[in-house]
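Student: coords below, sequence missing:
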């Protein structure tokens, strides 16, 4: 093999001294270019390898887990686990737990692998991703917002779910049937040292 390579190199050197060039060198150069293009395309296609794919378990209304990886759904904010909301009857209910149950319900109803495309990492080092059920499949965040189980988070969503939220509000879906405190305000209240019952609802008890 080494003798062959030595002879080929000698031929390539000689080709430069022969008028008209060498067709074999041209062929090798074309092959090199094609291989280079293939490598670039292959490297580009590996971007999809970053997707996290598998069956998801529910942590709360906006967080799932796939293969041990915690994933925060991008652009939405669901009520916290211990957060309370008021229903259309003005009675308090556990809207955080209801949001988690709704998320578990859609994952159960559509038994397909969840595909999450990472966009960022949050302050807790969780993957933040847009997740859908199957491909093509529904955007889970969009479904949660359009059914009133979560809100579009203006700080991060760039209005992505604004129309879905308007439809949910008009239809009095989920939380929109009664009253609630936005989840990000609820967390701020908790961090300020208030109790969950005080942070959950600003409407005086009747």
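Tutor: Happy to help now that I have it. None of these values were measured; they are calculated from a predicted model.
Student: pLDDT score for residue 80?
Tutor: We have a pLDDT of 96 for residue 80.
Student: that one is in contact with residue 189, isn't it?
Tutor: No - between residue 80 and residue 189 there is no contact under CB atoms under 8 Å: 10.5 Å. No exception for glycine: its C-beta is placed from N, CA and C like everyone else's.
Student: neighbour count winner among those two?
Tutor: residue 80 (22 against 17; other CB atoms under 10 Å).
Student: which non-adjacent residue is nearest that one?
Tutor: residue 96 (4.9 Å; CB to CB, 6 or more residues apart in numbering).
Student: any idea how far that neighbour lies from residue 55?
Tutor: Separation of residue 96 from residue 55 (CB to CB, to the nearest Å): 23 Å.
Student: of the two, which one has the most company?
Tutor: Neighbour totals were compared for residue 96 and residue 55, and residue 96 leads with 23 against 13 (other CB under 10 Å).
Student: what helix or strand is the more buried one on?
Tutor: Using DSSP states H and E, residue 96 maps to helix 95-109.
Student: how about residue 71?
Tutor: Going by DSSP H and E, residue 71 is in strand 69-73.
Student: hey, what's the angle from that strand to helix 95-109? Just curious.
Tutor: Note on geometry: by axes from the mean of the first three to the mean of the last three CA atoms, to 10 degrees, strand 69-73 and helix 95-109 are set 110 degrees apart in direction.
Student: in strand 69-73, what's buried?
Tutor: Within strand 69-73, the residues that qualify as buried are 71, 72, 73, counting by 16 or more other CB atoms under 10 Å.
Student: so what's the second one bridging to?
Tutor: In this structure, residue 72 has beta-bridge partners residue 63, residue 128, where bridges are defined by DSSP bridges.
Student: check contacts around it.
Tutor: Residues near residue 72 by CB atoms under 8 Å, 6 or more residues apart in numbering: 62, 63, 122, 126, 127, 128, 129.
Student: got a PyMOL select line for the buried ones in those residues?
Tutor: Under the burial definition 16+ other CB under 10 Å, those of the contacts of residue 72 that qualify are selected in PyMOL by:
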select buried, resi 62+63+126+127+128+129
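Student: following element in sequence after the helix-or-strand element of the chain with minimal mean pLDDT, please.
Tutor: The helix or strand of the chain with the poorest confidence is helix 23-45; it has a mean of 39 (mean pLDDT, DSSP states H and E). Per DSSP H and E, helix 23-45 leads on to strand 52-54 as the next helix or strand towards the C-terminus.
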